[in-house]
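Asks: Requesting a structural model of the entry that follows:
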Amino acid sequence: MSKYSNNKDINCLVKQLVKEGWIPLRKNRHLMIKSPNGITLTVPSSPSDGRAVLNFKADIRRAT
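Replies: Next up, the predicted model:
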């Protein structure tokens, strides 16, 4: 899967996480990413919130 999100920052972040061992999952129409310790996060595919990148980074920080 080459494109995870329409937002370039989130897309690059997810690509980096996949290289680190996170597993991308497709649930119906939503992309989720599973951490190596088993925590699952939903990836914002077309974020309209200006803080979406910061919120996603905070979710990742809490998951690790």
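
Asks: so who does E20 touch?
Replies: E20 makes contacts with P36, as judged by CB atoms under 8 Å, 6 or more residues apart in numbering. In this view, the C-beta of every residue, glycine as well, is placed from N, C-alpha and C.

Asks: Would you mind measuring from the residue nearest in space to the middle of the chain to K34?
Replies: Centrality entry for the chain: nearest residue to the mean C-alpha point is V43, 3.8 Å, by CA atoms, centre = their mean. Remark: distance between V43 and K34 (CB to CB, to the nearest Å) = 11 Å.

Asks: list residues touching both of those two?
Replies: Common neighbours of V43 and K34 (CB under 8 Å, 6+ apart) are P24.

Asks: Pass me the low-pLDDT residue ranges in the chain, would you?
Replies: 1-2 (pLDDT under 70).

Asks: can you give me the helices in it?
Replies: Under the criterion DSSP state H, helices of the chain are mapped to 8-19, 52-63.

Asks: export those helices to CSV and tack on distance to I39 and mean neighbour count?
Replies: Shown next, in CSV, are the helices of the chain (distance: least, CB to CB, whole Å; neighbours: other CB atoms under 10 Å):
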stretch, distance to I39, mean neighbour count
helix 8-19, 12, 15
helix 52-63, 4, 14
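
Asks: Quick one, which of these gets closest to K27.
Replies: Nearest to K27 among the helices of the chain is helix 8-19; the distance by CB to CB comes to 14.9 Å.

Asks: The closest residue to D59 other than its chain neighbours bridge partners, please.
Replies: Excluding the flanking residues, the one nearest D59 by CB to CB, 6 or more residues apart in numbering is L41, at 5.2 Å. Under DSSP bridges, the beta-bridge partners of L41 are I33.

Asks: For L41, give its distance to R29.
Replies: Counting by CB to CB - L41 and R29 are separated by 16 Å.

Asks: Who has more neighbours out of those two?
Replies: L41 (18 against 6; other CB atoms under 10 Å).
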